[in-house]
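Colleague: Task: produce atomic coordinates for the following.
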Amino acid sequence: MFGWIAIVLMVGTLGLIGLRLAPIYIDYFHVLDVAQTIVQEGTHAGKSKAELRDLVALRFRQNNLRNLKPMIFKFSKDAGQRLVITIDYEQRVNVFGNLDVVAVFKKTILPS
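Modeller: So this is what the prediction gives:
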């Protein structure tokens, strides 16, 4: 009997952690999609960094990423003057009680 209770508690705890982390990773995949779309579409040509941040903010609103700021994107150019986007941010979620999980995301999107 105690063995089954221990198994149910472990599965429940893992399920709870999975349910808390899933939205963070779903948001991350949306952020990656926004960055890859900007690089692939070529809509960034001739735009300043402020205009690119406005474009990112628009895409964030379209994808319902309301808790993320466009400042997580860093724009630069490579040797061929092509746009390179670096994504760097972290999100914190409370699992239960005083236990938090921090997910750190760092990714560089290079032109293809």
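Colleague: so where do the strands sit in this protein?
Modeller: For the chain, the strands defined by DSSP state E occupy 73-77, 83-96, 99-109.
Colleague: low-scoring stretches of this structure, by residue?
Modeller: Within the chain, the ranges that satisfy pLDDT under 70 run 43.
Colleague: ok, now how distant is the residue most central in space within it from Ile5?
Modeller: The residue lying closest to the centre of the chain (C-alpha atoms, centre = their mean) is Tyr28, at 2.5 Å. Noted for Tyr28: a distance of 35 Å to Ile5, by C-beta to C-beta, to the nearest Å. In short, each C-beta sits where N, CA and C put it, glycine included.
Colleague: circling back to that earlier point, tell me the contacts of the residue nearest to the centre of the chain?
Modeller: Shown in contact with Tyr28 (C-beta atoms under 8 Å, 6 or more residues apart in numbering): Ala103, Phe105.
Colleague: what do you get for Ile17?
Modeller: Contacts for Ile17 (C-beta under 8 Å, 6+ apart) come out as Val95, Val101.
Colleague: Ok, Asp27 next?
Modeller: Contacts for Asp27 (C-beta under 8 Å, 6+ apart) come out as Leu65, Asn67, Leu68, Gln91.
Colleague: how much space is there between it and His44?
Modeller: Applying C-beta to C-beta, the value for Asp27 to His44 is 22 Å.
Colleague: Tell me the spacing between the residue nearest to the centre of the chain and Met10.
Modeller: Distance from Tyr28 to Met10, by C-beta to C-beta: 26 Å.
Colleague: With Ile38 instead?
Modeller: Plainly put, Ile38 is 42 Å away from Met10 if you go by C-beta to C-beta.
Colleague: So which of those two has more stuff around it?
Modeller: Ile38 (21 against 10; other C-beta atoms under 10 Å).
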